[in-house]
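Student: Pasting the sequence and the predicted model now:
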Amino acid sequence: MAGEHQKKLGPSELYDLSAVKRVLDDAVTGILEESGFREDTRMVDMKIALAVVAILVAVYAQFGLKDFHGQWKSVVGCVGLYCICMGLIAMIDTTYAQGSFVLLRPGARRNLRKDGAKIGMILASSCIPKYSSLYELKLKQGRNSSWISTQGNYEAWFTEDGLFLKDAFHKKVKPLADSLLAKSK
């Protein structure tokens with residue numbers, strides 16, 4: 001694994017913060033998956049299902065109802081159902097996801113800490129402020145615990161040619177993940 005490069009960004013993409021953040025976030029997910037966790041996509045699947053229902057209701061209200069004046073109660077019902085679906089999506093984002101880019105659950109081989117306590121879900125959130133090269137990663141175990149974080153200059157994890165240095169990033173993130181797992185509830 002020494003000297004391994006995971007991703008290459010073009011020279012202009014090194015200044016595209018969304019491209020850099022995507023590479024770093026994918027690497028964080030990979031590091032946590034190497035530790036025995038697996039990505040839980042149930043929340044995303046539920047949000048997609050609610051969005052599909054909302055879209056179908058909106059399409060029906062627009063094109064399925066021919067006489068507005070005769071069916072105004074159906075249109076109001078469609079608008080209400082659309083608002084409920086969008087409200088549920090917003091509630092899931094704010095209360096369950098809490099701004100995280102990935103939610104991980106313990107895999108089959110990793111469900112207890114060394115002290116015997118059960119491991120819950122892991123939330124990971126990150127940001128790169130505009131006009132900055134500072135990447136901040138925050139990890140949290142469960143929804144009610146506090147965030148632990150680390151910061152670093154993302155330019156240290158990329159070469160001038162845009163090659164991502166996975167080992168250098170791994171050395172920064174792995175201790176944070178280990179300290180999260182070692183924390184007692």
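Tutor: That came through, no problem.
Student: and the lengthiest strand in the chain, what other elements does it pack with?
Tutor: Using DSSP state E, we find that the single longest strand of the chain is strand 134-141. Judged by 3 or more Cβ pairs under 8 Å, 6 or more residues apart in numbering; DSSP states H and E, the packing partners of strand 134-141 are helix 17-34, strand 122-127, strand 148-153, helix 166-182. Heads up, the C-betas are built off the backbone N, CA and C, glycines and all.
Student: how about those, which one is nearest residue 57?
Tutor: strand 122-127 (30.7 Å; Cβ to Cβ).
Student: Buried residues, the closest one. List them.
Tutor: By neighbour count on 16 or more other Cβ atoms under 10 Å, the buried set for strand 122-127 is 122-127.
Student: follow-up on the earlier one: send me the longest strand of the chain as CSV with only the CA atoms.
Tutor: Written as CSV, here are the backbone C-alpha positions of strand 134-141 (Å, rounded to 0.1, in the frame of the first residue of the first chain):
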residue,chain,number,x,y,z
LEU,A,134,-8.5,23.4,4.7
TYR,A,135,-10.4,20.1,4.8
GLU,A,136,-12.3,19.4,8.0
LEU,A,137,-13.5,15.9,8.7
LYS,A,138,-16.0,15.2,11.5
LEU,A,139,-17.0,11.7,12.7
LYS,A,140,-19.7,10.8,15.1
GLN,A,141,-20.9,7.5,16.6
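Student: Could you pull up the mean pLDDT of that strand?
Tutor: In this model, strand 134-141 has an average pLDDT of 90.
Student: Low-confidence bits of this structure, can you list those?
Tutor: 1-6, 108-119, 183-185 (pLDDT under 70).
Student: Any chance of the backbone angles for the residue of it most remote from its centre?
Tutor: The outermost residue of the chain relative to its centre, with distances by Cα atoms, centre = their mean, is residue 70 at 45.1 Å. Per-residue torsions, residue 70: phi -80, psi -20 (degrees, to the nearest 10).
Student: Kindly calculate the angle that the longest strand of the chain makes with helix 17-34.
Tutor: 40 degrees (axes from the mean of the first three to the mean of the last three Cα atoms, to 10 degrees).
Student: Which positions in strand 134-141 come out as buried?
Tutor: Neighbour-count burial for strand 134-141 flags 135, 137-141 (criterion: 16+ other Cβ under 10 Å).
Student: can you check stretch 140-156 too?
Tutor: Residues of stretch 140-156 classed as buried by neighbour count (16+ other Cβ under 10 Å): 140-141, 147, 152, 154.
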